[in-house]
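J.: Give me coordinates for this.
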Amino acid sequence: MAQPWCVQVRPTRAEIDRGALAHNLGVVRAHAGAAKIFAVIKADAYGHGLVAVAERLVAEGADGIAVALTEEGLRLRAAGVEAPVIVLNGIYDGAHRDVVEAALTPVVYDLGDAERFRALGAGVHVKVDTGMTRLGVTDLPRFLERCGSLRIDGLMTHLATAEADPEGTTAQLDAFDRAAELVRAAGHAPVLHAANSAGALLWPRARYDIVRTGVALYGVRPTDDSTLDLRPVMRVLTTVARVVDVPVGARVGYGGTWTASRPSRIATLAIGYGDGYLRSSSNRGHAVIRGARCPLVGRVSMDLTGVDVTDLVACERGDEAVMVGAELRAEEVARGAGTIAYEVLSSIAPRVPRVYVG
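T.: Numbering: from 1, shown residues only. Down below sits the predicted model:
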């Protein structure tokens, strides 16, 4: 018999639809043309589960995996994932030999890392900074001169505003093309990759040899274009813990930030910021109960949240509430919380039980 502290009683959970994940890979494939698809599964696959997502995407034909950190790549190898894995952030802290022995593809932008991988006889992908000012080589001629016999198998950059800034994206791609010419002139024949999800879906020019798609695989559209048939993979669910009728003037939650302007019915949901549900959704977000959108009222508490269900014909303890999903896309939740969809997804799922379906 399981110990009582091992039993999942509370109903709050994140359902992960692996069928939707496979569908979204197909959408990306239809846009990517001849480019290979490397699925970005950093940050525990944006909260969807590193190993489970990698295994399904590889089984569905993804050409490779991209992670942010060395330990993510090592975890995949320990789980038996044999597909090519690129380590995007290039932060190795002495783990260079571990990277090589695990057959991970290192990304470098630092001469010290380049020299260590050259000494190990490993090929690398070089990241160039084309305008995001985050990571990447800024003086490529000097880098090429000093890295000597280092084998450069790939060249990459990252697009900062592919979803919204044609002029800025064009300038980045122009800079990347010039960088590719320099690397080729130095005697290398690198594969090229620049496109994130927005670049892969919206910029044919950015697709090059590889596209690195992250959020699109999880069903997040890079723009408001609803013709992109991307299906939400995560569905965050909870239930109604209590329903109470309150008079005009009743206040809800910490600080009394919401006051009833009419006789109201308030439901309390079994989810809060301790579950990763963003506190900034207070008095701004919604939950879907019995198919209807109901506004959040009062401040989101650590594990409870208030909802105005006055306009529902009925609402009872135990009713299911959808916080994120096809009924309430992460993009919309993010707008209500004043953030981005990636944060909505990656904040919630690691803190609640994940249930895989499809």
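
J.: biggest helix in this protein by residues?
T.: helix 166-185 (DSSP state H).

J.: hmm, who's touching the following helix or strand past it?
T.: Once the chain leaves helix 166-185, the next helix or strand it forms, by DSSP states H and E, is strand 191-195. Outside of strand 191-195, the residues within contact range by CB atoms under 8 Å, 6 or more residues apart in numbering are 35, 38, 125, 130, 153-159, 162, 172-173, 176, 180, 203, 206-213. Every C-beta, even on glycine, is put in place using the N, C-alpha and C of the backbone.

J.: what's the helix or strand just after strand 191-195 in contact with?
T.: If you walk from strand 191-195 toward the C-terminus, the next helix or strand you reach (DSSP H and E) is helix 197-202. Contacts of helix 197-202 with the rest of the structure, by CB under 8 Å, 6+ apart, involve 28, 31-32, 35, 159, 162-163, 169, 206-207, 211-217, 220, 222-223, 228.

J.: again, only using 7 Å
T.: 28, 31-32, 159, 162-163, 206-207, 211, 213-216, 222, 228 (CB atoms under 7 Å, 6 or more residues apart in numbering).

J.: center of this structure, which residue is that?
T.: Taking CA atoms, centre = their mean as the criterion, residue 46 is the residue nearest the geometric centre of the chain, at 3.6 Å.

J.: List the contacts of that residue.
T.: For residue 46, the residues meeting the contact criterion (CB under 7 Å, 6+ apart) are 214, 215, 218, 342, 345, 346.

J.: which one of those residues has the most neighbours?
T.: When neighbours are counted by other CB atoms under 10 Å, residue 218 leads the contacts of residue 46 with 30 neighbours.

J.: ok, now which ones touch that residue?
T.: With CB under 7 Å, 6+ apart as the criterion, the residues that contact residue 218 are 46, 48, 233, 234, 345.

J.: if we can go back for a sec, of the contacts of residue 46, which belong to strands?
T.: When strands are assigned by DSSP state E, not one member of the contacts of residue 46 lies inside them.

J.: Looking at those residues, which are in helices?
T.: Checking the contacts of residue 46 against DSSP H, those in helices are 342, 345, 346.

J.: Need the phi and psi values for the closest residue in space to residue 91 that isn't next to it in sequence.
T.: Spatial nearest neighbour of residue 91, excluding adjacent residues (CB to CB, 6 or more residues apart in numbering): residue 69 at 6.9 Å. Residue 69 has phi and psi values of phi -120, psi 150 when expressed as degrees, to the nearest 10.

J.: neighbours of residue 69, just the number please.
T.: Every residue meeting other CB under 10 Å relative to residue 69 is counted, giving 17.

J.: Helices along the stretch 201-350 of the chain, start to end?
T.: 330-337, 341-348 (DSSP state H, counting those that start in this stretch).

J.: Need the buried ones from the contacts of strand 191-195 selected in ChimeraX.
T.: Restricted to the buried members of the contacts of strand 191-195, where burial is judged by 16 or more other CB atoms under 10 Å, the ChimeraX selection command reads as follows:
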select :35,38,125,130,153,154,155,156,157,158,159,162,172,173,176,180,203,206,207,208,210,211,212,213
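
J.: Just the ones in strands from the contacts of strand 191-195, please.
T.: In strands, judged by DSSP E, the following of the contacts of strand 191-195 are found: 38, 125, 153, 154, 155, 156, 210, 211, 212, 213.

J.: Just flag the most distant two among those.
T.: 153 and 213 (20.6 Å; CB to CB).

J.: What pLDDT is listed against residue 242?
T.: On the pLDDT scale, residue 242 is placed at 98.

J.: Show me this protein divided up by domain.
T.: The chain is divided into the following domains under automatic domain parsing: 18-218, 234-357.

J.: Compare those domains and report which one is nearest to residue 9.
T.: Ranking those by proximity to residue 9 (CB to CB) places domain 234-357 first, at 10.5 Å.

J.: check contacts around the closest residue to residue 42 other than its chain neighbours.
T.: Counting by CB to CB, 6+ apart, the nearest residue to residue 42 once its immediate chain neighbours are dropped is residue 68, at 3.7 Å. Residue 68 makes contacts with 42, 43, 88, 89, as judged by CB under 7 Å, 6+ apart.

J.: Distance-wise, check the closest residue to the last one other than its chain neighbours relative to residue 220.
T.: So that's residue 89. The shortest distance from residue 89 to any residue other than its chain neighbours is 4.6 Å, reached at residue 68 (CB to CB, 6+ apart). Using CB to CB, to the nearest Å, one gets 18 Å for the distance from residue 68 to residue 220.

J.: With residue 128 instead?
T.: Residue 128 sits 27 Å away from residue 220 when distances are taken as CB to CB.

J.: Send over the lowest-mean-pLDDT helix or strand in the chain as CSV, restricted to the C-alpha atoms.
T.: Comparing helices and strands within the chain by mean pLDDT, DSSP states H and E singles out helix 341-348 as the least confident, with a mean of 93. Coordinates of each C-alpha in helix 341-348 appear next as CSV, following Å, rounded to 0.1, in the frame of the first residue of the first chain:
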residue,chain,number,x,y,z
ALA,A,341,3.2,32.3,-23.3
TYR,A,342,6.5,30.6,-22.7
GLU,A,343,6.5,31.7,-19.1
VAL,A,344,2.9,30.5,-18.6
LEU,A,345,3.8,27.0,-19.7
SER,A,346,7.1,26.6,-18.1
SER,A,347,6.0,28.1,-14.8
ILE,A,348,3.0,25.8,-14.2
